[in-house]
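> quick one, what's the 3D model for this:
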Amino acid sequence: MEGLGLNPIMKRTKVIDALKCTDFGADICVKGWVRSKRGSKGIFFVALNDGSTIKNVQIVGDETVIPEEIVKQITTGACLSVEGKLVESPAAGQASEIQATKIDILGTCDNTYPLQKKGASWEYLRTVAHLRPRTNTFGAILRIRHNMAMAIHTYFHEHGYFYFHTPLITASDCEGAGQMFQVTTKNLYDLKKDENGSIIYDDDFFGKQTSLTVSGQLEGELGATALGSIYTFGPTFRAENSNTPRHLAEFWMVEPEVAFMDLDELMELEEDFIKYCVRWALDNCKDDLEFLNKMVDKGLIERLEGVLKEEFVHLPYTEGIKILQEAIKNGKKFEFPCEWGDDLASEHERYLVEEYFKKPVIMNHYPKKIKAFYMKIDAEKPVLDGKEMEETVQGTDVLFPSIGEIIGGSVREESYDKLMGEIESRGIPMKDMTWYLDTRKYGSCPHAGFGLGFERLILFVTGMQNIRDVIPFPRTPKNAEF
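Down below sits the predicted model:
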């Protein structure tokens, strides 16, 4: 290229690498978006960020070097390519900065840019979800989200699990987990119906009624009975009209399923896995966590470190009810009732974790009637205040500070006869699930597994309070923007 008289193209350096570099005096090229610009007496300073780190690199520009028409276009949100020299910075809090020799405007940004104003509310930022990843907070959240996905895959790979891909389109409803989104190619304005008014699906794409999955668990059990240890990690869908800070219509689930695993081993897996993820965040997301600890939740890092220090409490449901009822006797006020057989509300779970034990809790042995049909029934019934209670199952919920339930799991019933008994007593339609029952007919084995809502994990690790703010484009009732 030199023989042709052309200037060589300078290779781009990511901001995260530029900030680590100590090769002062070297020529460097960085590209990114303007976070802010200030200046006086012919010198201007630009905070440039390319998403590789929470930290900005400072660009120092001289208006006698950079043309005026270029300087005018350097506004908040504009995209720049900057060439210059890497120098030591005299400013506190940064080791280096770049003295610009050339700035190219890659993308202009006028004063209608929605992120101009500081201190925008979470609600406002949801209305510009296509741009909010450019903010410091959401950049940090999304980098942490990536790291948590990497932690999950790494943990299971290192422990001999196989990543098992379960279908998103299904003809079955896992455990009656919620209303399902239907999948169809039919003309909704001209539906064929039988004499009873039921829709005829013979001419639909799959020839039967199908929906988006609420869980990959049932298919995951098929994988576990062939490969031994598997995990799923993918999107799931629930058409529940829940406008709460804890619910999404589209979210991601992590669901390991393991052959020959009993209840104690399941609880050991749940604790080890979640601690691994938290440790990964602390080890790999230091800058982002420090930012969120300062700007969002000042107790975040302390809470994360506390999870690693404590052994999780293993608490039978019946014992938990006794503790909660004793608290009520002593004046504790709860919005919802707390009798044996009730499905605990978030306020009950958080009391146990945050006030009573002050550490994570794995609650287990829940009443059969509030849990799914496939959970293994306990051999003995629990006793409360001298009275024998109803049957319980080997189900588990991992309860965490700030958010309540983060993991739900169980030992699965491996007996065909017992499983069929539950299906029939609950009136569960199984016409499209003979394949699932085959796991209990042909070489049935003890097995167990759990489900972790990925966004619940991100809520805990980031200190955010609303689940809509830990997924790039939230899907909620009346909201499918972007």
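> for stretch 29-42, the distance to its chain's centre please.
How far stretch 29-42 lies from its chain's middle: 34 Å, per CA atoms, centre = their mean, to the nearest Å.
> what are the contacting residues of it?
Under the contact criterion CB atoms under 8 Å, 6 or more residues apart in numbering, stretch 29-42 has outside partners 10-15, 18, 44-51, 56-57, 59, 61-64, 74-83, 98, 106, 109, 134, 136. Every C-beta, even on glycine, is put in place using the N, C-alpha and C of the backbone.
> got the buried residues for it?
Neighbour counts using 16 or more other CB atoms under 10 Å place 29-35, 37 of stretch 29-42 among the buried residues.
> ok, now which ones touch residue 11?
Residue 11 sits next to residue 29 when contact means CB under 8 Å, 6+ apart.
> now, the buried residues of stretch 29-42 that are in helices?
Judged by DSSP state H, helices contain none of the buried residues of stretch 29-42.
> grab the longest strand from the protein for me.
Identified as the longest strand of the chain according to DSSP state E is strand 27-40.
> next structured bit after that one?
strand 43-49 (DSSP states H and E).
> next, the buried residues of that following strand.
Within strand 43-49, the residues that qualify as buried are 44, 46-49, counting by 16+ other CB under 10 Å.
> pLDDT weak spots in this structure?
For the chain, the stretches flagged by pLDDT under 70 are 1-8, 173-178.
> residue boundaries of the helices in it?
Using DSSP H, the helices of the chain run over 15-20, 68-72, 122-127, 136-158, 217-227, 263-284, 286-295, 300-309, 317-329, 346-350, 416-426, 434-441, 454-462.
> and the contacts of the third one?
By that I understand helix 122-127. Against helix 122-127 from outside (CB under 8 Å, 6+ apart): 132, 135, 138, 466, 468-469, 474.
> one more time with 7 Å
Helix 122-127 has contacts (CB atoms under 7 Å, 6 or more residues apart in numbering) with 132, 466, 468-469.
> coming back round to it: need the winner for burial among the helices of the chain.
Greatest average neighbour count among the helices of the chain goes to helix 454-462 (a mean of 24), per mean count of other CB atoms under 10 Å.
> same for it, what does it pack against?
Applying 3 or more CB pairs under 7 Å, 6 or more residues apart in numbering; DSSP states H and E, one finds that helix 454-462 makes contact with helix 136-158, strand 250-259, helix 263-284, strand 404-412.
> quick one, which of the ones you listed gets closest to residue 291.
helix 136-158 (5.4 Å; CB to CB).
> name the surrounding residues that touch that closest one.
Counting by CB under 7 Å, 6+ apart, 51, 54, 132-133, 231, 233, 254, 256, 273, 276-277, 280-281, 284-285, 288, 291-292, 295-296, 457-458, 461-462, 464, 470, 472 sit against helix 136-158.
> ok, which stretches of the stretch 351-482 of the chain are strands?
Along the stretch 351-482 of the chain, the segments classed as strands by DSSP state E, counting those that start in this stretch run 361-367, 383-384, 387-388, 392-400, 404-412, 447-453.
> sheet partners, orientation included, of the first one?
This points to strand 361-367. Counting by DSSP bridges, the strands paired with strand 361-367 are strand 313-316 (parallel), strand 392-400 (antiparallel).
> how about the second one?
Paired neighbours of strand 383-384 in the sheet (DSSP bridges): strand 387-388 (antiparallel).
> the last one now?
For strand 447-453, the paired strands and their directions (DSSP bridges) read strand 250-259 (antiparallel), strand 404-412 (antiparallel).
> state the distance from residue 380 to residue 392.
9 Å (CB to CB, to the nearest Å).
> between those two, who's got more neighbours?
residue 392 (24 against 9; other CB atoms under 10 Å).
> which residues are in contact with that one?
So residue 392 contacts 317, 365-368, 378, 381-382 (CB under 7 Å, 6+ apart).
> re the thing from before, need the helices of the chain in JSON lines with distance to residue 179, can you?
Below are the helices of the chain laid out as JSON lines (distance: least, CB to CB, whole Å):
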{"stretch": "helix 15-20", "distance to residue 179": "43"}
{"stretch": "helix 68-72", "distance to residue 179": "54"}
{"stretch": "helix 122-127", "distance to residue 179": "23"}
{"stretch": "helix 136-158", "distance to residue 179": "27"}
{"stretch": "helix 217-227", "distance to residue 179": "18"}
{"stretch": "helix 263-284", "distance to residue 179": "28"}
{"stretch": "helix 286-295", "distance to residue 179": "34"}
{"stretch": "helix 300-309", "distance to residue 179": "33"}
{"stretch": "helix 317-329", "distance to residue 179": "27"}
{"stretch": "helix 346-350", "distance to residue 179": "21"}
{"stretch": "helix 416-426", "distance to residue 179": "18"}
{"stretch": "helix 434-441", "distance to residue 179": "21"}
{"stretch": "helix 454-462", "distance to residue 179": "19"}
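> so which of those helices is nearest residue 340?
helix 317-329 (5.1 Å).
> check which helices and strands that closest one is in contact with.
Using 3+ CB pairs under 7 Å, 6+ apart as the test, helix 317-329 ends up in contact with strand 361-367, strand 383-384.
> let's see it at 10 Å
Judged by 3 or more CB pairs under 10 Å, 6 or more residues apart in numbering; DSSP states H and E, the packing partners of helix 317-329 are strand 313-316, helix 346-350, strand 361-367, strand 383-384, strand 392-400.
> winner for burial among the ones you listed?
Of those, the one with the most neighbours on average (mean count of other CB under 10 Å) is strand 392-400, at a mean of 25.
> what's the angle between that one and helix 416-426?
For strand 392-400 against helix 416-426, the angle by axes from the mean of the first three to the mean of the last three CA atoms, to 10 degrees is 80 degrees.
> what angle separates strand 392-400 from helix 317-329?
Angle of strand 392-400 versus helix 317-329, following the same axes, to 10 degrees, is 60 degrees.
> check the offset of strand 392-400 from the chain's centre.
That offset, for strand 392-400, works out to 20 Å (CA atoms, centre = their mean).
> can you check stretch 297-317 too?
18 Å.
> ends of it, what's the gap?
Distance across stretch 297-317, first residue to last, is 31 Å (CA to CA, to the nearest Å).
> please begin residue numbering at 19 from this point
In the new numbering, first residue 19, that becomes stretch 315-335.
> now do the same contact list for residue 138.
132, 145-146, 150, 153, 155 (CB atoms under 10 Å, 6 or more residues apart in numbering).
> hmm, try it at 8 Å
Residue 138 makes contacts with residue 153, as judged by CB under 8 Å, 6+ apart.
> how much space separates it from residue 312?
Per CB to CB, residue 138 is found 18 Å from residue 312.
> and residue 381, by the same measure?
33 Å.
> over to residue 496?
34 Å.
> and if you look at residue 258?
35 Å.
> how long is stretch 313-330 from one end to the other?
Its start and end residues considered, stretch 313-330 measures 29 Å (CA to CA).
> other residues contacting it?
So stretch 313-330 is contacted by 154-155, 285, 288-289, 292-293, 296-297, 299-300, 307-308, 310-311, 377-380, 416, 418-420, 479-482 (CB under 8 Å, 6+ apart).
> same check, this time on stretch 433-441
By CB under 8 Å, 6+ apart, the surrounding residues in contact with stretch 433-441 are 391-392, 395, 431, 446, 448, 455, 458-459, 462.
> can you rerun that using 6 Å?
391, 431, 448, 458-459 (CB atoms under 6 Å, 6 or more residues apart in numbering).
> who does residue 121 bridge with?
Beta-bridge partners for residue 121, by DSSP bridges, are residue 100.
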